[in-house]
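In: mind folding the following:
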Amino acid sequence: MEHELKLEELYKLNKYQTPLTEELRESLPKEVWTDLLDFISSVEFIKRLIAPEEIRGYAKDKPKSTDYNDGRIEVDLTNPHILEDMDFFRERALYFQKHGKYTPLTPNPNPKSAYAQFWRDELHKWKYGLIRPSDGEWIPGELYFYWNYSPIWLVEDTDTKSDGTKSQGERIQAFGNPWLGDYLFHHYVEQAKRRGKHGKMLKTRGIGASFKAASWSPRNMHVFKGSGNPNFHLASDKGFLSGDKGIWGKVVDTLDWIAEHTPLPRMRTVDRAGSTLEIQLGYKDEYGSRKGLLSSVHGISLKDNPDKARGIRGPLIHYEEDGLFPNLEKAWNVNRKAVEDGNTTFGFMIAMGTGGVEGGSFEGSEKLFYSPGGYNIYGLPNIFDKNATGEHLCGFFWGAYMNRKNCYDEKIGEPDIIKALIEILTDRYLVKYSSTDPSAITQKKAEEPITPQEAIMRTEGTVFPVSDLKEHLENIMVKRESFLAEHYVGELVRTPKGVEWKPNADKHPLRSYDKDSANREGCLEIFEMPSKNANGEIAQGRYIFGIDPIDADAGTSLFSIIGLDTFTDRIVCEYTGRPRLAEEAYEISLRILEFYNGEANYESNLKGLFSYFDKKNALYRLCDVPQVLKDMDYVKATNLYGNKAKGTNANVQVNKWGRKLHADWMNSPIVSSNEEDAGKINLHTMRGLAHIEEAIKWNSDGNFDRISAAGMLFIFREDRYKRIQSAITNQHKKVESLANDNFFNKNYKSSAQKAIGDKPVI
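Out: Below is the predicted model:
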């Protein structure tokens, strides 16, 4: 009991959270409990959501908005107050659920009738939202429309289990429940528009994002009249627009709902759902002239052509599943010109993406989320990632812990974050220890992310342990400055005594995968200086390297060399960059090899490095074609001469194997006798920030120079290992052969037995 009180005192929560008790801890696997405490202590947004009522406060405690003069509060998206009586904003939906209609008033076409006034008032709420006079709480027009006039498909429990285990359910069409997630997201959209900005949401799967986006077009078509106000839903492929899962069907359902259950205009001058997706409200008079609202909605598949939507303009441009857009950045920038005029923004663009989409490339989605300023996106302080302090901006993040099924108060929408996290982490625990697919846990995290970093994980096409790499990088970023302070940054210079280290504060290593950096020359970054014996010598063969070379003096690819200490199995240095001349990179690599007394494996497809080393009489610094490649029939074992006799001729098969060896090294236990290192793996020793980032972002379509260099390194490492194993095996065979030799048995074994009696000789 005493320990339970300590837990509750340590973790003071609001009344909507599952209490953290000793009984709860004992009921969970130790790993789940540890991860739970880690997330609630390291993710600032989660800390704020679970905080007690006196800290979070209520609408009545919030300051009034200075942008409006009608008593509404200013909503703080990163410090959300506790919601109350949200049914106030769902009066029409609740009335419809009970009576099958929106108002008890008798339909009356007279524009001065109470019935007509009722619908004018509703249209006003669709456009401007609704304010609660008692405390200033309010919701934007988009959310009012979504909660009251856009039924969605919800999962309803049909066999609820009292013990909290999974239950059976079915999908029904109904109005959405009030969710804190919906409230915050729609206020994010409203605040973005108010500031002349656009929006970006990174989200978990299963929050009905398509239903929300699909409700905006029908709402806009009734509040923004005229042919100059078209709405657009863009997707990378038509499959994400049409069909059962497509957003277009949801748009049509909402328009049909309005036509059936309201007296608002319902006639359509255009209604196409074939190769062209388009609906326009209105009618033609007896002369064939178009009349009525004339507002419209369009669905466009961009496929691989980001220019396909060039010239579109209107109140809404929505990107569906933006993680699947191969040219998202270009499409976004092309369309910005259609909704912005100088400093004035007259249309709103929003991109929404879910993690875990197979085949998706999240690079564009990630850039929009983490660099909102570059795309005129409304940025929030990033308090959503682990150990993020809000120093940097990001888009809106809807984590899996927000409004998970059966993990929120259905009356007001406040989420039980603790219960949701327990369910999410337990699911991950089961997947981690029951699945034979190494990418299954990454897929699980990406689809139900707790942090944005988890949402942007690649789930297919990579052998690297993305989840562990992201966590390692997050831990580094918390102490980034002190972490980097342990590195040596500078250059190697030739002196009469040989190659020596020289610090240079004017040199800057490339510590980001982004190749658009103005500093492309880079410099050497040493993590561990070469180890020498008492005589000041470096053991021959201790340090090995991998090189991804360049040939031309101009180009986008970077030169990369990475070194490994074979005694400790740790990466000790890296140079990645693009000097003015290719030979400058060759000289840098030669000096590194001399400084470490090392030998390198390199991609021999390019001949420039070989020629330079040949000219410098340094070919002994380049390894011969690894025997292991010959044994595996990856290269021909004959006719190897000149450049072909050195390094590795890279191809798809060889590169794939190099990445596998690289990943195997990452997942291997570290070489250490320190008890504190128990349970750690080699990736925890990685210190190159860009190297870690490349491993996280690797995909078959990109150019990842450090990964290529590391592939050469670990092929070389594997070759060394095979040679050592072969030598040990041959030595054992030699000893066994000697022990069975007739001459040895006759002359030495028998005399030894005589000396020690009848005991057998081992």
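In: which residues in the stretch 451-600 of the chain form helices?
Out: For the stretch 451-600 of the chain, the helices defined by DSSP state H, counting those that start in this stretch occupy 452-455, 466-478, 480-484, 582-596.
In: would you turn those into TSV with mean pLDDT, distance to Gly226 and mean neighbour count?
Out: C-beta: built from backbone N, CA, C; applies to glycine. Output for the helices of the stretch 451-600 of the chain, formatted as TSV (pLDDT from 0 to 100; distance: least, Cβ to Cβ, whole Å; neighbours: other Cβ atoms under 10 Å):
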stretch	mean pLDDT	distance to Gly226	mean neighbour count
helix 452-455	88	38	26
helix 466-478	89	47	18
helix 480-484	93	52	11
helix 582-596	96	60	21
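In: could you redo the ones you listed as CSV and give each row distance to Arg520?
Out: CSV is the format used below for the helices of the stretch 451-600 of the chain (distance: least, Cβ to Cβ, whole Å):
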stretch, distance to Arg520
helix 452-455, 26
helix 466-478, 22
helix 480-484, 20
helix 582-596, 11
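In: so which of these gets nearest Glu320?
Out: Using Cβ to Cβ as the measure, helix 452-455 is the one of these that comes nearest Glu320, at 16.3 Å.
In: other SSEs contacting that closest one?
Out: The contact analysis (3 or more Cβ pairs under 8 Å, 6 or more residues apart in numbering; DSSP states H and E) places helix 452-455 against strand 199-203, helix 440-447, helix 466-478.
In: can you list the helices and strands that the last one packs against?
Out: Yep, that's helix 466-478 we're talking about. Checking 3+ Cβ pairs under 8 Å, 6+ apart, helix 466-478 ends up next to helix 440-447, helix 452-455, helix 689-697.
In: so what's Lys212 closest to, chain neighbours aside?
Out: Spatially, and ignoring its direct neighbours in sequence, Lys212 is nearest to Tyr146 (5.9 Å; Cβ to Cβ, 6 or more residues apart in numbering).
In: settle this for me: that neighbour is touching Phe185, isn't it.
Out: No - taking Cβ atoms under 8 Å as the definition, Tyr146 is not a contact partner of Phe185, at 10.2 Å.
In: what's the overlap in contacts for those two?
Out: Common contact partners of Tyr146 and Phe185 (Cβ atoms under 8 Å, 6 or more residues apart in numbering): Lys212.
In: what's near enough to touch the most centrally placed residue in the chain?
Out: Nearest to the mean C-alpha position of the chain, by Cα atoms, centre = their mean, lies Ile456 at 1.4 Å. Contacts for Ile456 (Cβ under 8 Å, 6+ apart) come out as Leu202, Gly355, Phe362, Ser365, Glu366, Phe369, Ala446.
In: can you say which of those residues are buried?
Out: Leu202, Gly355, Phe362, Ser365, Glu366, Phe369, Ala446 (16 or more other Cβ atoms under 10 Å).
In: so which of these are in helices?
Out: Judged by DSSP state H, the subset of the buried ones among the contacts of Ile456 located in helices is Ser365, Glu366, Phe369, Ala446.
In: show me what contacts Pro423?
Out: Small correction: residue 423 is Glu, not Pro. When contacts are counted by Cβ under 8 Å, 6+ apart, Glu423 touches Arg404, Cys407.
In: same check on Glu447?
Out: Contacts of Glu447 (Cβ under 8 Å, 6+ apart): Thr204, Arg205, Thr354, Gly355, Gly356.
In: for Asp67, give its distance to Leu430.
Out: Asp67 sits at a distance of 48 Å from Leu430 (criterion: Cβ to Cβ, to the nearest Å).
In: oh, that last question was meant for Ala650, not what I typed.
Out: In terms of Cβ to Cβ, Ala650 sits 40 Å off from Leu430.
In: and if you look at Pro626?
Out: Taking Cβ to Cβ, one finds Pro626 at 41 Å from Leu430.
In: one more: Glu44?
Out: 28 Å.
In: could you do Leu558 as well?
Out: From Leu558 over to Leu430 (counting by Cβ to Cβ), the distance is 42 Å.
In: the more surrounded of those two?
Out: Per other Cβ atoms under 10 Å, whichever of Leu558 and Leu430 has more neighbours is Leu558, with 24 against 13.
In: dump the residue contacts of the more buried one.
Out: Leu510, Lys515, Arg520, Gly522, Asp548, Ile550, Thr576, Gly577, Arg578, Asp705.
In: make a PyMOL selection of the buried ones in those residues.
Out: For the buried members of the contacts of Leu558, the matching PyMOL selection, counting by 16+ other Cβ under 10 Å, is:
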select buried, resi 510+522+548+550+576+577+578+705
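In: nearest to Asn382, of the helices of the stretch 451-600 of the chain?
Out: Taking the helices of the stretch 451-600 of the chain one by one with Cβ to Cβ, helix 452-455 is closest: 7.7 Å.
In: list the contacts of that closest one.
Out: Outside helix 452-455, the residues that reach it (Cβ under 8 Å, 6+ apart) are 202-204, 353-355, 369-370, 382, 384-386, 394, 397, 445-446, 449, 467, 470, 473-474.
In: again, only using 6 Å
Out: Leu202, Gly355, Phe384, Asp385, Phe397, Lys445, Pro449, Lys470 (Cβ atoms under 6 Å, 6 or more residues apart in numbering).
In: from Pro109, how far out is the second one?
Out: When Cβ to Cβ is applied, the distance between Gly355 and Pro109 equals 51 Å.
In: check the fifth one too.
Out: From Phe397 over to Pro109 the distance is 47 Å, taken as Cβ to Cβ.
In: these two - which one has more neighbours?
Out: Phe397 (24 against 8).
In: the more buried one is in contact with Met201, isn't it?
Out: No - look at Phe397 against Met201 with Cβ atoms under 6 Å: they stay out of range, at 7.5 Å.
In: in the lengthiest helix in the chain, what counts as buried?
Out: Identified as the longest helix of the chain according to DSSP H is helix 705-739. Within helix 705-739, the residues scored as buried using 16+ other Cβ under 10 Å are 705-720.
In: again with stretch 102-113
Out: Tyr102, Thr103.
In: first vs last residue of it, how far apart are they?
Out: Stretch 102-113 has its terminal residues 16 Å apart, counting by Cα to Cα, to the nearest Å.
In: hmm, who's touching that stretch?
Out: Applying Cβ under 6 Å, 6+ apart, the contact partners of stretch 102-113 are Arg92, Phe96, Ala114, Tyr115, Phe118.
In: swap in 10 Å and give it another go.
Out: 91-93, 95-96, 101, 114-120, 122, 148-149, 261-263 (Cβ atoms under 10 Å, 6 or more residues apart in numbering).
In: show me the shaky parts of the stretch 501-650 of the chain.
Out: 514-518, 637-640 (pLDDT under 70).
In: do that again at 80, thanks
Out: Applying pLDDT under 80 to the stretch 501-650 of the chain flags residues 514-519, 553-556, 633-642.
In: which two among the ones in helices among the buried ones among the contacts of Ile456 are spaced furthest apart?
Out: Phe369 and Ala446 (13.9 Å).
In: now the common contact residues for those two.
Out: Phe362, Ala455, Ile456.
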